[in-house]
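[1] Below are the sequence and a predicted model; questions follow.
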Protein chains: 2
Amino acid sequence: MFFSGVSKLNLPSERFTVIYRVLGNEKEAYEKAKDICLEQTVEFPEELVPSGVIADHIVGRIESFASWDDHSFHVAVSYHVDCAAKELTQLLNVVFGNISIKPGIKVMSLELPDSILCNFKGPRFGTAGLRKLLGVEQRPLLFTALKPMGLTNEELAELAYKFALGGIDIIKDDHGLSNQSFSPFEGRVKLCAAAVDRANKETGYRSIYMPNITAPHHEVLDRARLAKKLGAGGLLIAPGLTGLDAMREVAENDDIGLPIMSHPAFQGSYVLGDSGLSHQVLFGQIPRLAGADGTIYPNFGGRFSFSKEECQAIATASLIPMGHLKSIFPCPAGGMSLQSIPESLKVYGNDVIFLVGGGLFRQGPDIIENSRYFKKLVEEISNNK
Amino acid sequence: MFFSGVSKLNLPSERFTVIYRVLGNEKEAYEKAKDICLEQTVEFPEELVPSGVIADHIVGRIESFASWDDHSFHVAVSYHVDCAAKELTQLLNVVFGNISIKPGIKVMSLELPDSILCNFKGPRFGTAGLRKLLGVEQRPLLFTALKPMGLTNEELAELAYKFALGGIDIIKDDHGLSNQSFSPFEGRVKLCAAAVDRANKETGYRSIYMPNITAPHHEVLDRARLAKKLGAGGLLIAPGLTGLDAMREVAENDDIGLPIMSHPAFQGSYVLGDSGLSHQVLFGQIPRLAGADGTIYPNFGGRFSFSKEECQAIATASLIPMGHLKSIFPCPAGGMSLQSIPESLKVYGNDVIFLVGGGLFRQGPDIIENSRYFKKLVEEISNNK
């Protein structure tokens, strides 16, 4: 044996559990399940794993193994909470680090005890807090984006003013707007925040502007602070580009203290196919753990590929109890048209944010009227539910 | 028309190109290609895209479209360099942000002009710099990992000492070691760096210790600085967990100035299947752009799924000219055994780093002897090539 001192370790015994879907016949799937237990922890030949604490506590443990369908199995693997080191990065590493490279393994759900959840503040506002901030008690919230890329900051601000005048609750940068030469971040935020503020004074609404703070590593927090200083009412971030922990850090920063929307850019590959993360984990449980108040994802029936069931699973994971973490808003988007609102409302109920971008322009030549129509439509059908 | 001011923009005309593999018959694939041009830039209904600069320069452009095989097409799409905003995060967003959520689109290669590459310092050491640092002129470099998770820092340091005594060039933390209660980061780095230093004094070799700095957002640079202060000779980071730009920032930081190895944890889903990023883009071009001096990936014939051709493509992308960016080392790993070295050496030649972890323990009971055997084996076969 190479090692002696493992028994010096004295760990508490609490564990967290990951539900995996593993492809293969029973024998293959069980071998994969045993491999997951080693690969995600000791990454060491089974016959050489030291007995004692490492074998008994550090190595993952198969808690259950059952047929999922005729070619895959439902496997619950538990890990010692200390392996996750109270870090989101290391938690994700234990859940899916190395096995992300092995075909036919999908993370279906996370079962995290308070001893893991207590390391995360979670969403600052959540559904109730965001409703209070926007002064909207009951109906679904209205969300749109400033686009297309290539407009000047003045034009984007003029659009923001018109959307707010029309009663859109949340007006965000299109996720492709960062700090381009043709739309510098600081100037854009200054103009758009002022424009929304001016519209609010006229309407009495409480619309907010959410600039995109997806940025190089050290600039994420700087842009968030600058946005707050310049009057932004919230922040948009794409954690697939910045890293999920960047979103968590912005969300947990008390000096910033703004609501945050998570954008799915660069994350799609995790949910497409039989390997990766389930829709509810990637767009529900993880952004909630990482402090998002709303999770943007492509709605069913739009120009993307998610099914109604996959979208419902995201909404459920966003809203059901998750320890002390507040519930967050599902934000179906991706080619949503105003015509699709009634069916979507049936699926999601009122605790949803409808993100309609290009579809709002298609409605007619007057963007203020289109926005008012969007608001009136949602008010009417949500009242008559 | 909603907008007037687009002609105010006056952009230079240089563009970068992304090669996509798009699934479908000719009609379907061409529709997808046109969609990519809109989705990755203006994200706006085609019929409403303002004429002038936005339609002519901002919207992506299909540069070529040709059959790839009987069910997919090779599509070259160019984008204006200004859309990428001189940021790695926004460059990746333009390359694959929203379309990551659309099935059947894979990024096969990036063709980046100097006007993009000039925004990145790239690898600080590269292949030549790392060879000089380690004093190894011609043979492949030897790489191993401190494991299993659950050892005490004292045990890990004892292992590091033995590996260095045996002549291993680079000794890294296993990627599962972060800052756990049973192996706190600072104590581990202090002990392991000192242990390798002690061995070097005995052997005259220049082995280096590379701690894992994969950490929460704001701690990545702190851990890198601390590691440097405590005598680490390099750094290991998993950009799939921290975000790719965190690696770039550490690599470009002159106060840190250590060689960096990129670990593939949590990135596998991008290369498995028909959607995502090719092996050469994810493990070759992107880590090189983000400043890694070596790129770790699972070797063919190991316990993972990559083919020999996919591994060769990674090595090629790591080594061929890429503007001013230095070439970097392919680091095949993932269940490599000493027995697999001869065949791997035939495939990679001498500009490779063999990462053998668990396999080094399997060789025999004496880890120093096993390390010496590893070194002798590589020296002999690389000389007799």
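    Perfect, I can see it now.
[2] other SSEs contacting the helix or strand containing A:Glu202?
    Assigned by DSSP states H and E, A:Glu202 falls within helix A:185-203. Under the contact criterion of 3 or more CB pairs under 8 Å, 6 or more residues apart in numbering or on different chains; DSSP states H and E, helix A:185-203 touches helix A:153-165, strand A:170-173, strand A:208-210, helix A:220-229. For every residue, glycine as well, the C-beta is placed using N, CA and C.
[3] which residues sit against that helix?
    Outside helix A:185-203, the residues that touch it by CB atoms under 8 Å, 6 or more residues apart in numbering or on different chains are A:146, A:153-154, A:156-158, A:160-162, A:164-165, A:167, A:171, A:173, A:177-179, A:205-209, A:211, A:215, A:223, A:226-227, A:230-233.
[4] Also stretch A:357-376?
    With contacts defined as CB under 8 Å, 6+ apart, stretch A:357-376 is touched by A:142, A:144-145, A:147, A:159, A:162-163, A:165-168, A:174, A:333, A:335-338, A:341, A:354, A:356, B:2, B:43-45, B:48.
[5] what comes up buried for it?
    Neighbour-count burial for stretch A:357-376 flags A:357-361, A:363, A:367, A:370-371, A:373-375 (criterion: 16 or more other CB atoms under 10 Å in any protein chain shown).
[6] what's the farthest-apart pair in these?
    A:Gly358 and A:Lys375 (17.7 Å; CB to CB).
[7] for the buried residues of stretch A:357-376, which one is nearest B:His263?
    Ranked by distance to B:His263 (CB to CB), those are led by A:Gly357 at 36.7 Å.
[8] how near is the closest one to A:Lys147?
    In this view, A:Gly357 and A:Lys147 are 6 Å apart by CB to CB, to the nearest Å.
[9] Can you flag which of the contacts of stretch A:357-376 belong to helices?
    Using DSSP state H, the subset of those located in helices is A:159, A:162-163, A:165, A:341.
[10] in chain A, what residue is nearest chain B?
    Per CB to the nearest CB, the residue of chain A with the smallest distance to chain B is A:Gly243, at 2.6 Å.
[11] Okay, now the unreliable bits of chain A?
    For chain A, the stretches with pLDDT under 70 are A:1-12, A:385.
[12] do that again at 90, thanks
    For chain A, applying pLDDT under 90 flags the ranges A:1-13, A:51-52, A:273, A:301-305, A:334-339, A:358-359, A:362-364, A:383-385.
[13] Can you tell me how far the residue nearest to the spatial centre of it is from A:Leu88?
    By CA atoms, centre = their mean, chain A has its centre lying nearest to A:Pro287, at 3.3 Å. Distance, A:Pro287 to A:Leu88, by CB to CB: 11 Å.
[14] can you check A:Val95 too?
    10 Å.
[15] do the same with A:Leu230
    Distance from A:Leu230 to A:Leu88, counting by CB to CB: 28 Å.
[16] of these two, who's got more company?
    Per other CB atoms under 10 Å in any protein chain shown, whichever of A:Leu230 and A:Leu88 has more neighbours is A:Leu88, with 24 against 19.
[17] returning to that earlier point: got any residues that touch both of A:Pro287 and A:Leu88?
    Jointly contacting A:Pro287 and A:Leu88 under the rule CB under 8 Å, 6+ apart are A:Leu244.
[18] neighbours around A:Asn25, how many?
    There are 11 residues near A:Asn25, going by other CB under 10 Å.
[19] and if you look at A:Asp254?
    Neighbour count of A:Asp254, defined by other CB under 10 Å: 7.
[20] In which helix or strand does it reside?
    Using DSSP H and E, A:Asp254 maps to neither a helix nor a strand.
[21] returning to what we had before: how about the helix or strand where the residue nearest to the centre of chain A lies against chain B, any contact?
    Element membership of A:Pro287 [criterion: DSSP H and E] is helix A:286-289. No. Contact of helix A:286-289 with chain B (CB under 8 Å from any CB of the partner chain) is absent, the minimum separation being 11.4 Å.
[22] Could you tell me which strands sit next to the following helix or strand past that helix in the sheet, and their orientation?
    Going down the chain from helix A:286-289, the next helix or strand is strand A:294-298, by DSSP H and E. Applying DSSP bridges, strand A:294-298 is found paired with strand A:260-262 (parallel), strand A:329-333 (parallel).
[23] Correct me if wrong, but A:Glu380 is in a strand.
    No. Using DSSP: H, G, I helix; E, B strand; the rest coil, the assignment for A:Glu380 is helix, not a strand.
[24] Report the contact partners of A:Pro148.
    Neighbouring residues of A:Pro148 by CB under 8 Å, 6+ apart: A:174, B:41-44, B:49-50, B:54, B:58.
[25] swap the cut-off to 6 Å and go again
    With contact taken as CB atoms under 6 Å, 6 or more residues apart in numbering or on different chains, A:Pro148 is in contact with B:42, B:44.
[26] One more: A:Gly104?
    A:23, A:274.
[27] Equivalent analysis for A:Ile237, please.
    A:213-214, A:247.
[28] The residue lying closest to A:Ile105 once chain neighbours are set aside and B:Gly334, how far apart?
    Closest residue in space to A:Ile105, ignoring its immediate chain neighbours: A:Ile99 at 5.1 Å, by CB to CB, 6 or more residues apart in numbering or on different chains. Using CB to CB, A:Ile99 is found at 11 Å from B:Gly334.
[29] ok, which stretches of chain A are strands?
    A:15-23, A:61-69, A:72-80, A:105-111, A:141-146, A:170-173, A:208-210, A:235-237, A:260-262, A:276-277, A:294-298, A:329-333, A:353-355 (DSSP state E).
[30] What pairs with the shortest one, parallel or antiparallel?
    Take DSSP bridges as the rule and strand A:276-277 pairs in its sheet with strand A:105-111 (parallel).
[31] Excluding its own residues, what touches the strand it pairs with? List them.
    A:17-22, A:96, A:99, A:275-278, A:281, A:285.
[32] Compute the first-to-last residue distance for stretch A:63-79.
    Here the two ends of stretch A:63-79 are set 10 Å apart, with distance taken as CA to CA, to the nearest Å.
[33] Throw the strands of chain A into TSV and include distance to A:Asp197, thanks.
    Putting these into TSV (distance: least, CB to CB, whole Å) gives the following:
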stretch	distance to A:Asp197
strand A:15-23	44
strand A:61-69	52
strand A:72-80	48
strand A:105-111	40
strand A:141-146	15
strand A:170-173	12
strand A:208-210	8
strand A:235-237	17
strand A:260-262	19
strand A:276-277	39
strand A:294-298	21
strand A:329-333	23
strand A:353-355	21
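[34] mind giving me the domain ranges of chain A?
    Following automatic domain parsing, chain A resolves into domains at A:12-117, A:126-383.
[35] Highest mean neighbour count across these, which stretch is it?
    domain A:126-383 (a mean of 22; mean count of other CB atoms under 10 Å in any protein chain shown).
[36] What residues does the stretch 151-300 of chain A have near chain B?
    A:152, A:155, A:174, A:178-182, A:214, A:216-218, A:241-243, A:245-246, A:249, A:265-266, A:268-270, A:272-273, A:275-276, A:298 (CB under 6 Å from any CB of the partner chain).
[37] hey, what's the spatially closest residue to A:Asn299 that is not a sequence neighbour bridged with?
    Nearest residue to A:Asn299 in three dimensions, chain neighbours excluded: A:Pro332, at 3.4 Å (CB to CB, 6+ apart). For A:Pro332, the beta-bridge partners under DSSP bridges are A:Tyr297.
[38] Would you mind confirming that the residue of chain A closest to chain B is in contact with B:Thr242?
    Yes. Judged on CB atoms under 6 Å, A:Gly243 makes contact with B:Thr242 at a distance of 5.1 Å.
[39] ok, now which ones touch the closest residue to A:Glu26 other than its chain neighbours?
    For A:Glu26, ignoring the flanking residues on the chain, the nearest one in space by CB to CB, 6+ apart is A:Phe73 at 6.9 Å. By CB under 6 Å, 6+ apart, the residues touching A:Phe73 are A:22, A:29, A:67.
[40] Let's see that with 10 Å instead.
    Going by CB atoms under 10 Å, 6 or more residues apart in numbering or on different chains, A:Phe73 touches A:20-26, A:28-30, A:32-33, A:64-67.
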